[in-house]
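> what follows is a predicted structure for the sequence shown.
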Amino acid sequence: IASTTIPRGVSAAKCGDPWREACLSDSDPRYKPDANYDIIDQSNVWKIHEGFFVADMHMYHANGQPRLNYTFNFPAPFGSATFGTFPFKVFLNITNIRTRQYIHRLGILSPLEGGSPFGVGFGADLFGASTFELDGRVTTFPSSNTVFESSSDTTTELSITYPVGNDTLFAKSAANYDAGTFNVISQTCFDVACDTKHEVTSAFLDSKVDRFQAGDFVRVTEAEFIERANDIYTEFNVPIQARVAIPMTGQSLDGDESPSEEQWCTVDPNCAPNPYEEPTASVKAGVIAGFTVGGVVLFLLVIGLGVHFNNKRQAKRYRNAFATRIAQTMSIRMPARQMNAKALANEFQRIDAQTSAGNSNRRASAVGKITKDGMWEFLSSGTAVEMNRSDFEALWAAMDTTGSGYVDFLEFCAFMGQ
């Protein structure tokens, strides 16, 4: 019933209208169709952390003792070499373009007495995108390292970086040097503009700290960034083939390792499938109940009116049949509804006398009452009226309004006057 009484168009209405449940986007901005996924707009922390930075980085063992050297296993034909690491230089460039993030990192290790006679530059590309969560987090693809003009992925797992408070970035990422290892990285600004920031990277192995490195980054201009990197290349005697191209402003350090558009669209909210589409709104429970109750009431009203009008038509038919039978015995020719009190009294007495004559069981009607059997006998004796027993029962019910089993003169007059 409700489906036939709910107004047209309600089924296609949007959430939040008078008929429907509230939109999820009213309380959860992730469902808003115009949600802003731009990294910087989601968190100002990313804005103050982007730009060019230079740091002296120090490497430590798990016990806090300085780690003075590090051995690289280079691809053929270079073999392995050991370099100085206390400190080593790090150059960092972070760029945010709407929903996408590009981080290029250059480390330069110094020559080491008794080890490598020259320094080496190694780079790392990090590419990330904002998320549908709208909380400022960035999903980062596996990083790609570049050293001696070759590149390799450090891991195959995505990592996530979170802004914390107004000045800190925090990330956890898998590492590839041993199974089950991961890095925890934090960068915290020392001032509002983040012109200086402190970074700590802890490497964990079997849930224990294996080593860590720490240093302070200082913001520089692009020109200063290039100048200092070239100066360190010269100071550390880094061969041309062991240098990473600067200023590291492109998409990838080696030009080949940046994500394809198809890969970007697995994480980038501007083209990835949205898990927070507003679902089809359901009709409010109260509205459904209201329409259901209204439909039932309307249904019963229609049925009631139908029964009422049908009863009226039946009553009219019964009166016509009864009037036709009376007309066979009337001495006064006039419509039944126009008969005066005297004429009605004469007809009532005539029927009463006819139905009680010769029947001692009906003597009660002699005092002004017509029995049910008497009325049936009266109607059945006529030649112009044919009435079945079912119709007669309905007629009798309409005449005997008190249910006494008799029709008195008042009931007779009321019926004839309808």
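Okay, I see it. Residues are numbered from 1 along each chain as shown.
> part of a helix, is residue 187?
No. Assessed with DSSP: H, G, I helix; E, B strand; the rest coil, residue 187 is strand; it does not lie in a helix.
> what score does it have for pLDDT?
The score at residue 187 is 96. That number is its pLDDT.
> is it true that it touches residue 169?
Yes. Using Cβ atoms under 8 Å, residue 187 makes contact with residue 169 at a distance of 4.6 Å. To be clear about C-beta, it is placed using only N, CA and C from the backbone, and glycine gets the same treatment.
> what residues are shared contacts of those two?
Any residue near both residue 187 and residue 169 by Cβ atoms under 8 Å, 6 or more residues apart in numbering counts here, and that gives residue 49.
> mind giving me the packing neighbours of the helix or strand hosting residue 129?
Per DSSP states H and E: residue 129 is located in strand 120-130. Counting contacts by 3 or more Cβ pairs under 8 Å, 6 or more residues apart in numbering; DSSP states H and E, strand 120-130 packs against strand 100-110, strand 138-140, strand 144-147.
> tabulate those strands (CSV), appending mean neighbour count.
Below are those laid out as CSV (neighbours: other Cβ atoms under 10 Å):
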stretch, mean neighbour count
strand 100-110, 23
strand 138-140, 22
strand 144-147, 21
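> the strand holding residue 129 to strand 100-110, inter-axis angle?
160 degrees (axes from the mean of the first three to the mean of the last three Cα atoms, to 10 degrees).
> which strands border strand 120-130, and is each parallel or antiparallel?
With DSSP bridges as the test, strand 120-130 is paired with strand 100-110 (antiparallel), strand 138-140 (antiparallel), strand 144-147 (antiparallel).
> pLDDT of the second one, averaged?
Just to be clear, that refers to strand 138-140. Strand 138-140 comes out at a mean pLDDT of 91.
> so that it lines up with my notes, have the first residue be 57 from now on.
OK, 57 is where the count begins now, so the last one is strand 194-196.
> sorry, back to before: compare the helices and strands packed on strand 176-186 and report which one is nearest to residue 178.
Residue 178 lies closest to strand 200-203 among the helices and strands packed on strand 176-186, at 4.1 Å (Cβ to Cβ).
> on that earlier part again, can you flag the weakest of the helices and strands packed on strand 176-186 by average pLDDT?
Lowest mean pLDDT of these: strand 200-203, a mean of 59.
> give the rounded mean pLDDT of the longest strand anywhere in the chain.
Criterion DSSP state E: the longest strand present in the chain is strand 136-153. In this model, strand 136-153 carries a mean pLDDT of 89.
> and that strand, what other elements does it pack with?
In terms of contact count using 3+ Cβ pairs under 8 Å, 6+ apart, strand 136-153 is assigned the packing partners helix 100-105, strand 107-117, strand 125-129, strand 156-166, strand 264-276, helix 278-291.
> possible to save the strands paired with strand 176-186 as CSV with distance to residue 283?
Formatted as CSV, the strands paired with strand 176-186 follow (distance: least, Cβ to Cβ, whole Å):
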stretch, distance to residue 283
strand 156-166, 14
strand 194-196, 29
strand 200-203, 21
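> go through those strands and name the closest to residue 330.
strand 194-196 (14.5 Å).
> what sits up against the closest one?
95, 102, 157, 159, 182-187, 214-217, 227, 229, 323.
> and with 6 Å instead?
For strand 194-196, contacts defined as Cβ atoms under 6 Å, 6 or more residues apart in numbering pick out 157, 182, 184, 185, 187, 214, 215, 216, 217, 323.
> restricted to buried residues, select the residues you listed in ChimeraX.
Restricted to buried positions by 16 or more other Cβ atoms under 10 Å, the ChimeraX selection for the contacts of strand 194-196 reads:
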select :157,182,184,185,187,215,217,323
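> dump the contacts of strand 194-196 into a markdown table; add distance to residue 405 as well.
Below are the contacts of strand 194-196 laid out as a markdown table (distance: Cβ to Cβ, whole Å):
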| residue | distance to residue 405 |
| --- | --- |
| 157 | 110 |
| 182 | 115 |
| 184 | 109 |
| 185 | 104 |
| 187 | 99 |
| 214 | 106 |
| 215 | 110 |
| 216 | 105 |
| 217 | 109 |
| 323 | 103 |
